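Colleague: Could you look at this predicted model? Sequence included:
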Amino acid sequence: MATVSLTVNGKVMSAEASADTLLVNFIRENLGMTGTHVGCDTSQCGACVVMVNGDSVKSCTMLAVQAEGTEVTTVEGLASNGDLHPMQQAFHDNHALQCGYCTPGMLISSIDLVTKNPNATEAEIRHGLEGNLCRCTGYHNIVKAVQAGAAEMKG
Amino acid sequence: MSEFNYAMASSADDASTQVKGTGDGSLIAGGMTLIPSIKLGLATPTDLIDLAGAGLSGISVEGTTVTIGAMTRHVDVASSKEVVNAVPALSGMASGIGDPQVRNRGTIGGSVANNDPAADYPAACLGLGATIQTNDREISADDFFTGLFTTALKEGEVITSVGFPIPERAAYVKFPNPASRYALVGVFVSDGPMGIRVAVTGAGINGVYRESSFESALSGAWESATLDGVKADESSMASDIHAAADYRAHLVGEIARRAVAASV
Amino acid sequence: MPDGNTGIGAAVKRKEDGRFLTGKGRFTDDINRPNQTFAYFLRSSVAHANIKNVDTSAALTAEGVVAVYTNGDMEGVGGVPCGWGLTFQNGDPMVEPVHPILAAGKVRHVGDPIAVVIAETKKQAKAAAALIKIDLEDLPAVVNMTNAVEGGTLVHEEAANNICYDWAIGDKDEVDKVFDGADHVTSIEIINNRLIPNAIEPRVAIGDYDAVSQKYTLYTSTQSPHVIRLLMGAFVLQIPEHKLRVVAPDVGGGFGSKTFHYAEEAMVTWAAGHLGRPVKWTAERSESFVSDAHGRDHVTTAELALSKDGKFLALREKTYANMGAYLSTFGPAIATYLHSTLLAGVYTTPLIYSNIIAVFTNTVAVDAYRGAGRPEATYILERLVDRAARELGIDQVEIRRKNFIPPDAFPYQTPVALEYDSGDYEATLASALEGADVDGFEARKSKAAKNGKLRGVGYSTYVEACGAAPSAVAGALGARAGLYESANVRVHPTGSVTVFTGSHSHGQGHETAFAQLVSEQIGVDIDSVEIAHGDTDQVQFGMGTYASRSLAVGGSAIVKALDKIIDKSKKIAAHIMEAAESDIEFEDGTFKVAGTDKSMGFGEVALAAYVPHNYPLDVLEPGLEESAFYDPANFTYPAGCHICEVEIDPTTGVVEIVNFTAADDPGIVINPIIVEGQIHGGVAQGIGQALLEGCVYDDNGQLITGTYMDYTMPRADDLPSYVVSTESSRCTHNPLGVKGVGEVGTIGATPAVINAIVDALSELGVTDMPMPATPQTVWRAIQEAS
């Protein structure tokens, strides 16, 4: 067991974890934040995507010990003072979620995508969401939401 | 997941020393293949020695070579202005590896050392005639990739960087597996100081390889028409539910042709 | 209706979004019970074998292990029941083998659970499972249905030739006679490819037992909590309903696959009682692939008899339907009740004969997956129509129009049991033709050809029977349960409302759409309405959510209960305003005395019901709460037209969907945003079946497509944006006029895609295209044609 300390959504947190603890399990079980989900075991579905030091990563494919000292943002950290992040709002406005299971990862990936490519085309958005599976929406409204969220984030 | 010990290495030599001192330890770079393998029980290392703190990332262009540190992430290669200017085929290749989250963690060293038969970097290394620098020696790409998931690396040997000779023109075209998005067939072509090269990933029964028949043809005329209708030897092609050997053999020709057409 | 219109037809943004957007959804895996243990199932790695011995001794002594169970430990526990019984053509009952919770004597598919380890941690349970020694005697696996019925090894001793049932509908002799005399017969061989539903939330079940109250609780990711309570309580564990609570909290997608009662649910519940500690099981995705029921998997020969001018005269088909190794909850119903009955489609075909042979194989059980039988039927029909038009040289639109059931023919009795109540197939066809810009197709095709690409356009005009019901019809066709729905509307003293519904939302937006019904009818804002579902201790009873039934059946129950609320409220208002009940008018949330300026708000009436100081206590009870059960008179019949345009790279076989248009008639639309979302999602899965998804077993029964590395899930860049429109015609027999929309996408889209591919490749001589039409498959079809 090692003590893993990291900053999650702006708060310094630490907990004991064995070396084989995945970051996603550390977040869900050790830190008790269940917004981040697990949907597969081969690193494809993207339900577990969180931001680590400003980059979206699959938290099921990273060890908790590798996140030592990093800044992590999960879905719980996107809204501030009760105001939804523009991407969250865009997902709501465009009905970009149905069951909500893929949504946390989809949001983080979308934010990373448009932060790095604020003028992403529809094709770039579709390609940029390659690492996130949604079984409900057929992606149509997710793409619309990402476009709307991007416009709002540019201000 | 199987239990293992975890330690951070401070340098390539330190990593080498540490991993040699373990029972059945493994180096970990980005972990994009290793961690899923451990999760599914396909790998059961006793120890993981993490290279993240070994100071092995960075990109430099000096003279006729682009040198990329082993721990440089795909996203950094994809977005590096120096790489884009020197070898756009290489940055383009990096921008198509896996998905954005894989590119945010995965590294060149990890990909090259793993030598997955459907990975992209081995094709780039072989297709550009790269030199793999380890903590111990230099290995040419032609000697480095020795078969499925196997390389010339010795026990405890650590890749520190990969040097790519800058070609006159090159391109990488990938035809993805519809499910995994790994290369069903990926072809890296180049014309430069290392001669004319056509490296194929995803298709060969022994992993990445050079398609010498295409290379000879292209040495006559570097144009896509040279490869019209050519195909690879079906008997050396991998076969699975996504592509039987005949389809792969056909695709190798077609994707190589497209790569030549796209080369800059 | 209140300001800002939150009633029927309003494009209200979803109420449930908030928690999902902020990570506060409560899925089953987010629940942890005090003193909880973890279960890990040791599953068969081979498809067919006798179990000689299972040695659990090493596992029992492993660190953290609380218990290890095999079948022998579970005396008195019943098998997983099947909810649907069918008969052979001669009236004999179908063969219905026992489906034990843990394998008994034999394993019958890869993934069949042999033992369960329960330990203090998930890791310990999994590690201990690896210590169990299993001695298996391999048997030949039966994978292919043709082999299965022709002397293959028996999956179950009692099922001769591995046949579960051989069932038929229609008059074979009459149909054959028409075929003998027909001008033209179009034939086709169809494989409806096996699909794996793949809701992104893997299944989870937590069993809990309270020794004080002697009560069990099962938290489970299900679409139908009451059905699970009934099946598991009555048939598997013999726990009476009042001692068993089933909770289905937020559920991450289902698509049918979470409707059924699964062995793991019974196992954790039983073990919790046995151990006196909660037991939690969370499926790993690799486990989901071999334990969630699969969908489709029909092999069909079908023929259509036509006059020379393209009028359909008769249709006959023989379908082999794969049941897998065991009968899942609704397995036997899919190919019959939901498939054969739909073979008339939107057409006037007067005679139909359908013969279904259900077959056991050493594969995962097959059951309802979004569409469930109706995509299979529609695919057969629309491929036949497409091919017939080509063979007879008739335009694809014309042949459909020529055979449409006309709008004035409703109610329309089909030759396969169903009576369609309403529809306007020309309206959705016209809308789709416009949306798809079919007129501009030839120009686009020529342009594509200049780039070496082949363009094609494909049509599908479909009907679906949904809102699974009515109980009497379902019963006559083999259902062992009723198919009604229930609602309880509880008006609180201040006028806010809680609706308890037996439907279950796992993405469909009930918390919004059902609230809109309340808003429409009693004039309160949707923010004053809460929809409670998914807990058998809260909700009276319910049949759950599947077959696009929630609004048509569950919504109608809510409307009925609201009608009772209004009736009672009028009586209260009449008393307080000293008027005759017949003079009370209710509009926009206000009770008025006709012809006067006297009025009372709904909230005031509610308060009076709970503070009955001035109240007709002699004739009315206090309080304002009403229940209703709704058993519909008929199915509902959404219909529509989907048009797909593809562009194919003949060199690689890659198919790109360049245009997808869906014009659907879902009946009256309650919330257009949700309706469109349902269409989008269904279309994506329909395209998935056509282009991407295919479950593959090898000859030994090993699942080749056992992870996302090999099973192609549709991704954002595989799919286009869709052009979607609705043309509503009212359902005539439910109070809302609604039909349903959950499955239209998977029913309508798939044939449109394949017909488009065949159209694009027809100039090369290609006449058929297996699914999924992967690049390799398309390339090979081109090679073989040329």
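Modeller: Structure received.

Colleague: how about the strands of chain A, start to end?
Modeller: For chain A, the strands defined by DSSP state E occupy A:2-8, A:11-17, A:49-52, A:55-58, A:71-73.

Colleague: which residues touch the last one?
Modeller: By Cβ atoms under 8 Å, 6 or more residues apart in numbering or on different chains, the residues outside strand A:71-73 that reach it are A:Leu6, A:Thr7, A:Val8, A:Asn9, A:Leu23, A:Ile27, A:Val50, A:Met51, A:Val52, A:Asn53, A:Gly54, A:Ile108. For every residue, glycine as well, the C-beta is placed using N, CA and C.

Colleague: now do 6 Å
Modeller: A:Leu6, A:Thr7, A:Val8, A:Asn9, A:Val50, A:Met51, A:Val52, A:Asn53 (Cβ atoms under 6 Å, 6 or more residues apart in numbering or on different chains).

Colleague: And C:Gly532, how far from chain B?
Modeller: Quick fix: residue C:532 reads Ala, not Gly. Taking Cβ to the nearest Cβ, to the nearest Å as the measure, C:Ala532 falls 37 Å from chain B.

Colleague: In the stretch 251-400 of chain C, what residue comes closest to chain A?
Modeller: Taking Cβ to the nearest Cβ as the measure, the stretch 251-400 of chain C has C:Gly252 as its residue closest to chain A, at 3.0 Å.

Colleague: Run through the helices of the stretch 51-200 of chain B in chain order.
Modeller: B:74-79, B:81-86, B:88-95, B:100-103, B:108-114, B:121-128, B:141-144 (DSSP state H, counting those that start in this stretch).

Colleague: Repeat that for chain A.
Modeller: A:23-25, A:86-93, A:103-116, A:122-128, A:140-154 (DSSP state H).

Colleague: With distance to chain B, neighbour count and pLDDT as extra columns, can I get the contacts of strand A:71-73 in JSON lines?
Modeller: Converted to JSON lines, the contacts of strand A:71-73 look like this (distance: Cβ to the nearest Cβ, whole Å; neighbours: other Cβ atoms under 10 Å in any protein chain shown; pLDDT from 0 to 100):
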{"residue": "A:Leu6", "distance to chain B": "14", "neighbour count": "21", "pLDDT": "97"}
{"residue": "A:Thr7", "distance to chain B": "18", "neighbour count": "17", "pLDDT": "98"}
{"residue": "A:Val8", "distance to chain B": "18", "neighbour count": "21", "pLDDT": "98"}
{"residue": "A:Asn9", "distance to chain B": "19", "neighbour count": "20", "pLDDT": "98"}
{"residue": "A:Val50", "distance to chain B": "10", "neighbour count": "30", "pLDDT": "98"}
{"residue": "A:Met51", "distance to chain B": "10", "neighbour count": "24", "pLDDT": "98"}
{"residue": "A:Val52", "distance to chain B": "8", "neighbour count": "22", "pLDDT": "98"}
{"residue": "A:Asn53", "distance to chain B": "9", "neighbour count": "13", "pLDDT": "98"}
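
Colleague: Just give me the closest of these to A:Glu122.
Modeller: Distance to A:Glu122 across these (Cβ to Cβ) is lowest for A:Met51, with 23.6 Å.

Colleague: burial count for the closest residue to C:Asp698 other than its chain neighbours?
Modeller: With Cβ to Cβ, 6 or more residues apart in numbering or on different chains as the criterion, C:Asp698 has its nearest non-adjacent residue at 5.6 Å, and that residue is C:Ile704. For C:Ile704, the count of nearby residues is 13 (other Cβ atoms under 10 Å in any protein chain shown).

Colleague: In contact with B:Tyr145, which residues?
Modeller: Tyr isn't right for residue B:145; it's Phe. B:Asn115, B:Pro122, B:Val208.

Colleague: can you check C:Thr536 too?
Modeller: C:Pro225, C:His226, C:Arg229, C:Arg245, C:Val246.

Colleague: Please apply the same query to A:Val65.
Modeller: A:Val65 neighbours (Cβ under 6 Å, 6+ apart): A:Ala2, A:Val4, A:Ala19, B:Tyr6.

Colleague: Next SSE downstream of the helix or strand the last one falls within?
Modeller: Put plainly, it is B:Tyr6. Per DSSP states H and E, B:Tyr6 falls inside strand B:5-8. Downstream of strand B:5-8, the next assigned helix or strand under DSSP H and E is helix B:12-20.

Colleague: Distance check, the residue of the stretch 151-264 of chain B found nearest chain A against chain C.
Modeller: Residue of the stretch 151-264 of chain B nearest chain A, by Cβ to the nearest Cβ: B:Arg181 (6.7 Å). In this view, B:Arg181 and chain C are 8 Å apart by Cβ to the nearest Cβ.

Colleague: Any idea how many residues pack against that residue?
Modeller: Neighbour tally, B:Arg181, other Cβ under 10 Å: 23.

Colleague: Give me the distance between it and A:Asp55.
Modeller: As judged by Cβ to Cβ, to the nearest Å, B:Arg181 and A:Asp55 stand 19 Å apart.

Colleague: want to throw the contacts of C:Thr536 into JSON lines with neighbour count, secondary structure and pLDDT?
Modeller: As requested, the contacts of C:Thr536 are arranged in JSON lines below (neighbours: other Cβ atoms under 10 Å in any protein chain shown; DSSP: H, G, I helix; E, B strand; the rest coil; pLDDT from 0 to 100):
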{"residue": "C:Pro225", "neighbour count": "28", "secondary structure": "helix", "pLDDT": "96"}
{"residue": "C:His226", "neighbour count": "24", "secondary structure": "helix", "pLDDT": "96"}
{"residue": "C:Arg229", "neighbour count": "23", "secondary structure": "helix", "pLDDT": "97"}
{"residue": "C:Arg245", "neighbour count": "19", "secondary structure": "strand", "pLDDT": "98"}
{"residue": "C:Val246", "neighbour count": "26", "secondary structure": "strand", "pLDDT": "98"}
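
Colleague: Brilliant, that's me finished.
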